[in-house]
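Novice: A predicted structure for the sequence below; I have some questions about it.
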Amino acid sequence: MPFAYYDRLSPARKATYRRSDAIGELPLPAGASLGATVVAIRDALAAGRRAALQRACQALCDALTAGYRVPPVRVVVLERRPSDDYGELHGLYEPAERGRRARITAWMRTAARQQVVAFRSFLRTLVHELGHHLDYELFALEETFHTEGFYKRESGLANALFAQADGAGQPPPG
C-alpha cells in the first residue's frame, strides 16, 4: 500500500515508486563478514570518539559498496544534529554530482541535550542513508523514495549487521 504522498506523484515517479516498493530484500553481499566493523562503530560511538566513529562507518560502507559492486560513498560523521521546528536531522544522503562522490552525513549527538545517539538508532540511520545510495547505484532507480520496500530493505540489512556483531563474540548491541 503506497504512502499518502504517492497520489501527488507524476506517472513516471509513480512507476519508480512501485519499482522501489517491489524490492523487498537486500541480503548482505556474499561472504561479507562485518561483525567486527559493526562492533567498532558501537564502541567508538559509546566512547564519543567522532574520528574513530567516522573511520568505522566509512569502513562499513566501503565493504558494503564493494560487495554490492557499486561506486563508493563518502561518510561524514558530525557531532551535534541540526534541528528546527520540525525536529532533528538524523542523517542525510547527497547523490554524486559534477564529479563529486556521493556523501552520507550522520550525526552522533542529539541536538537538544547533546547526548550520544543510541547505537541501534545510529546504525539504522547509517544503513538508511546507504539505502538511498543503493537505490540509485544498485537498483538503478531514477529517484529514491521512502516506500515499504525501502524500509524492508533497510531493516533487513540493519538486522543482518546486528546479527553479525552479535556473532562476533561481543555483547549484544544496546
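Specialist: That came through, no problem. Remember, it's a predicted structure, so these values are computed and weren't measured experimentally.

Novice: For the chain, which segments count as helices?
Specialist: Counting by DSSP state H, one finds helices in the chain at the ranges 11-22, 35-47, 50-68, 119-137, 148-167.

Novice: okay, these, which one's buried deepest?
Specialist: Among the helices of the chain, helix 119-137 has the highest mean neighbour count (mean count of other C-beta atoms under 10 Å), at a mean of 22. (C-beta placed from N, C-alpha, C; glycine too.)

Novice: elements contacting it?
Specialist: Helix 119-137 sits against helix 35-47, helix 50-68, strand 91-94, strand 103-109, helix 148-167, with contacts defined as 3 or more C-beta pairs under 8 Å, 6 or more residues apart in numbering; DSSP states H and E.

Novice: Mind putting those into CSV with distance to residue 27 and mean pLDDT?
Specialist: Formatted as CSV, the helices and strands packed on helix 119-137 follow (distance: least, C-beta to C-beta, whole Å; pLDDT from 0 to 100):
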stretch, distance to residue 27, mean pLDDT
helix 35-47, 16, 97
helix 50-68, 10, 98
strand 91-94, 21, 94
strand 103-109, 21, 95
helix 148-167, 7, 96
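
Novice: Out of the ones you listed, flag the one nearest residue 2.
Specialist: helix 148-167 (8.2 Å; C-beta to C-beta).

Novice: how about that closest one as PDB, C-alpha atoms only?
Specialist: What follows is helix 148-167, C-alpha atoms only, in PDB (Å, rounded to 0.1, in the frame of the first residue of the first chain):
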ATOM      1  CA  GLU A 148       7.500   0.000   2.200                       C
ATOM      2  CA  GLY A 149      10.100  -1.900   0.100                       C
ATOM      3  CA  PHE A 150      12.800   0.600   1.000                       C
ATOM      4  CA  TYR A 151      12.100   0.200   4.800                       C
ATOM      5  CA  LYS A 152      12.100  -3.600   4.400                       C
ATOM      6  CA  ARG A 153      15.500  -3.500   2.700                       C
ATOM      7  CA  GLU A 154      16.800  -1.100   5.400                       C
ATOM      8  CA  SER A 155      15.500  -3.200   8.200                       C
ATOM      9  CA  GLY A 156      16.800  -6.500   6.800                       C
ATOM     10  CA  LEU A 157      20.300  -5.100   6.200                       C
ATOM     11  CA  ALA A 158      20.500  -3.500   9.600                       C
ATOM     12  CA  ASN A 159      19.300  -6.700  11.300                       C
ATOM     13  CA  ALA A 160      21.900  -8.800   9.400                       C
ATOM     14  CA  LEU A 161      24.600  -6.400  10.600                       C
ATOM     15  CA  PHE A 162      23.400  -6.600  14.200                       C
ATOM     16  CA  ALA A 163      23.400 -10.300  14.000                       C
ATOM     17  CA  GLN A 164      27.000 -10.400  12.700                       C
ATOM     18  CA  ALA A 165      28.000  -8.100  15.500                       C
ATOM     19  CA  ASP A 166      26.300 -10.500  18.000                       C
ATOM     20  CA  GLY A 167      28.100 -13.400  16.300                       C
END
